[in-house]
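**Student:** Show me the folded form of this:
(2 chains)
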Protein chains: 2
Amino acid sequence: MPALKQLILSRVGDDLGDIEMALAENLTPYLDLVAEVAGHILFAGGKRLRPLLMVLAARICGYAGSHDKKYATIFEYLHAATLLHDDLVDGGTIRRGRPVAHALYGNPTAVLVGDFLLARSLSIAAETGSPAVIGVIAGITEDMSQGEIHQLMRKGQLDLSREEYLEVIRRKTAVLIQGACRVGAMVAGAPEARENALADYGHHIGMAFQMADDLLDYTADADVLGKAIGADLKEGKLTLPVIHALARADAVDRAWMAALIGGREVCPEDFEKLLRLLERYGGLRATRQLAEDHVRQAKAALTIFPAGEPREVLCYIADYALQRRA
Amino acid sequence: MPALKQLILSRVGDDLGDIEMALAENLTPYLDLVAEVAGHILFAGGKRLRPLLMVLAARICGYAGSHDKKYATIFEYLHAATLLHDDLVDGGTIRRGRPVAHALYGNPTAVLVGDFLLARSLSIAAETGSPAVIGVIAGITEDMSQGEIHQLMRKGQLDLSREEYLEVIRRKTAVLIQGACRVGAMVAGAPEARENALADYGHHIGMAFQMADDLLDYTADADVLGKAIGADLKEGKLTLPVIHALARADAVDRAWMAALIGGREVCPEDFEKLLRLLERYGGLRATRQLAEDHVRQAKAALTIFPAGEPREVLCYIADYALQRRA
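**Tutor:** Below is the predicted model:
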């Protein structure tokens, strides 16, 4: 599976290089501190999934202009803005192997630089000159903030349903990836059917990526992941592996899991036992299956496009959602 | 001076009623908690200065449509978003006589509801269908976040110059008021000269309002102001009254003031002594004079409009900047 990553990189390496340049060029803060803090979150080895998807979506729709990399920054700036605010909200300490921004620069600076990145993304959206594009991007920010609040409100509550979990991850993660794909089609002037096909693709890989994230929080190698595993559990954040297992556990196991989720400290033995329960009650398997189903639907949405290089790369990216280790 | 406030209210009472309705109607969150927290900051007796200015600017340019109150909400939502984040950044505890949102609902919720309000304002901006309007609003949010960061970076530093102070208050306060006036002209399809005149007017009253705020922090009645006076000093936030006095004080007084600004607690006797020094070195008078100068320039910018009701009300509002007590 590093093979898949290398295969993707061999196809989009130039695009990723151009995206890196565009991210540095379009930030344009007047304060050095803003450049530093924004740089801390922006230039720390992110995958650039969202801008890459916008560029590829534009390409598969025949985009021939020269603004795709610039417009693509919208989605990385927006993503970075939400990471700054979410790390603060979640009380995270490590991201991508480095201390989070609010730990280094303080909460006030992290909040305000997040606001600046959000504003930059909307300024660049305004430069598209398309109210429809701008409306999509403003709508994404509304959905993301409400998804995060929803998740926050329900932290530590054991009655979070599968449906509510799916609604939360749709808003907090999938709408941004979906929006990147949709806007790629829009800036290319694609017909509605193609725009909707790419939006469907984006929605499904967005759901799959978040489920894969939620799985990695239980199954990853902490060194590869760049942060501690079990973070969701510690924060009282219920994700599908646990929701599924809780719904199927017997009274004794359910009570044990409930106490663990409500508690403050999780020792390694307890975490191991939880993993065994997630296996026994099928929480990990069910989550993986649902994510695989989304990957299948993502690829199916692309069948209205002719076979060939751009479609192939988008399919590889869909597969990558489930094969990555960090 | 309650006479001036009553005079303004007698002219714009209906507009303010419509603005209140529009603020309630256009919020549309899907979570009750978001409605509650946004309502806490939005419906706590704000003056509605920014939306009112947009409505009046549109009217003086002959706007005949029915969307002005809706578009005006952009500026109040944006203002409320920055209040939520700024109270958190400044560590404030009381606003308009009530506990600040982050004290009641926690920092995470205050951050995320601020993000939601920012997103709402940009969604409504997108509904104008005008990339130019949207660009102005996105630019405002960039300026405001950078102005706040600039202020934060320089907290407690005695070498803040008059020019730097003016640049900070321009970004953090004046650009939003200026933007409300400019967008009013834009939605009315006004010619450039009128748009620029209203933008000038907005810039100058924005500067005057912030200077008046900074004066009130030293001279207001705390009960009328709805929060403690001397807050800027406690936070190490240097404003023009102090900057002016520091530049003119003799070595002894300057050292005394420097120690007070760097210190943690300010007893009433010290605050009284500081007020006497601000009087002696002309800090209060110079600030008032500069604010008056901005009010004069604001009114002068309006002379390209014919005399009559709308211009008169805008002039009253300019005067009100300096006559208000809270």
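**Student:** only C-alpha atoms for contact and neighbour calcs from this point on.
**Tutor:** Noted.
**Student:** Can you name the residues of the stretch 151-300 of chain A sitting close to chain B?
**Tutor:** Counting by CA under 8 Å from any CA of the partner chain, the stretch 151-300 of chain A comes close to chain B at A:L152.
**Student:** Which residue ranges of the stretch 151-300 of chain A form helices?
**Tutor:** Counting by DSSP state H, counting those that start in this stretch, the stretch 151-300 of chain A has helices at residues A:162-169, A:175-187, A:192-219, A:222-225, A:231-235, A:240-248, A:251-262, A:268-280, A:283-301.
**Student:** averaging pLDDT over each of these, which comes out lowest?
**Tutor:** The stretch with the lowest mean pLDDT among those is helix A:222-225, at a mean of 74.
**Student:** Pull out the buried residues from it.
**Tutor:** A:A222, A:L225 (16 or more other CA atoms under 10 Å in any protein chain shown).
**Student:** ok, now stretch A:13-23?
**Tutor:** Residues A:D15, A:L16, A:I19, A:E20, A:A22, A:L23 are the ones in stretch A:13-23 that count as buried (16+ other CA under 10 Å).
**Student:** could I get those as TSV with distance to A:P108?
**Tutor:** Formatted as TSV, the buried residues of stretch A:13-23 follow (distance: CA to CA, whole Å):
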residue	distance to A:P108
A:D15	34
A:L16	32
A:I19	29
A:E20	27
A:A22	27
A:L23	24
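**Student:** What about these, which are in strands?
**Tutor:** Judged by DSSP state E, these include no members of strands.
**Student:** Could you pull up phi and psi at A:G65?
**Tutor:** phi -80, psi -170 (degrees, to the nearest 10).
**Student:** what does A:R98 give?
**Tutor:** Torsion angles, degrees, to the nearest 10, at A:R98: phi -130, psi 160.
**Student:** List the contacts of the residue lying closest to it once chain neighbours are set aside.
**Tutor:** Setting aside the residues directly before and after it, A:R98 is nearest to A:G226 in space (CA to CA, 6 or more residues apart in numbering or on different chains), at 7.7 Å. For A:G226, the contacting residues are A:I94, A:R95, A:R96, A:G97, A:R98, A:A326, by CA atoms under 8 Å, 6 or more residues apart in numbering or on different chains.
**Student:** what are the phi and psi values for A:G226?
**Tutor:** Taking degrees, to the nearest 10 as the convention, A:G226 sits at phi 80, psi 10.
**Student:** and the gap between it and B:G236?
**Tutor:** Note on A:G226: its distance to B:G236, by CA to CA, to the nearest Å, is 38 Å.
**Student:** and the closest residue to A:I261 other than its chain neighbours, how many residues sit next to it?
**Tutor:** Nearest residue to A:I261, sequence neighbours excluded (CA to CA, 6+ apart): A:G236, at 5.7 Å. Neighbours of A:G236 under the rule other CA atoms under 10 Å in any protein chain shown: 19.
**Student:** ok, now how distant is A:G236 from chain B?
**Tutor:** Distance of A:G236 to chain B, given as CA to the nearest CA, to the nearest Å: 15 Å.
**Student:** List the buried residues for stretch A:227-243?
**Tutor:** Buried, per 16+ other CA under 10 Å, within stretch A:227-243: A:227-230, A:232-243.
**Student:** ditto for stretch A:24-34
**Tutor:** Buried residues in stretch A:24-34, counting neighbours by 16+ other CA under 10 Å, are found at A:N26, A:L27, A:P29, A:L33, A:V34.
**Student:** give the contact list for the residue in the stretch 201-326 of chain A that chain B sits nearest to.
**Tutor:** Taking CA to the nearest CA, chain B has its nearest neighbour within the stretch 201-326 of chain A at A:E235, 13.2 Å off. Taking CA under 8 Å, 6+ apart as the contact definition, A:E235 lies against A:D90, A:K155, A:G156.
**Student:** Just give me the neighbour total for the first one.
**Tutor:** Going back to what we said before, that points to A:D90. 15.
**Student:** For A:D159, give me phi and psi.
**Tutor:** Phi and psi for A:D159, reported as degrees, to the nearest 10, are phi -90, psi 20.
**Student:** circling back to that earlier point, out of the buried residues of stretch A:24-34, who's near chain B?
**Tutor:** Checking these against chain B (CA under 8 Å from any CA), the matches are A:P29, A:V34.
**Student:** Tell me how far A:T128 lies from A:P268.
**Tutor:** Distance, A:T128 to A:P268, by CA to CA: 51 Å.
**Student:** out of the two, which sits in the more crowded spot?
**Tutor:** Neighbour count, other CA under 10 Å: between A:T128 and A:P268, A:T128 has more, with 17 against 10.
**Student:** Look up phi and psi at the more buried one.
**Tutor:** For A:T128, the backbone dihedrals (degrees, to the nearest 10) come out as phi -70, psi -20.
**Student:** need the buried residues of stretch A:24-34 in CSV with distance to A:Q6 and secondary structure, can you?
**Tutor:** Output for the buried residues of stretch A:24-34, formatted as CSV (distance: CA to CA, whole Å; DSSP: H, G, I helix; E, B strand; the rest coil):
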residue, distance to A:Q6, secondary structure
A:N26, 28, coil
A:L27, 29, coil
A:P29, 34, coil
A:L33, 35, helix
A:V34, 33, helix
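**Student:** Between the buried residues of stretch A:24-34, which sits nearest B:A193?
**Tutor:** Closest approach to B:A193 among these (CA to CA): A:P29, at 29.5 Å.
**Student:** Please work out how many residues are found near the residue lying closest to the closest one once chain neighbours are set aside.
**Tutor:** Counting by CA to CA, 6+ apart, A:A35 is the residue found nearest to A:P29 once chain neighbours are left out, at 6.1 Å. When neighbours are counted by other CA under 10 Å, A:A35 registers 16.
**Student:** just A:R325 next, same as before
**Tutor:** The burial count for A:R325: 17, using other CA under 10 Å.
**Student:** A:G282 too?
**Tutor:** Using other CA under 10 Å, A:G282 has 18 neighbouring residues.
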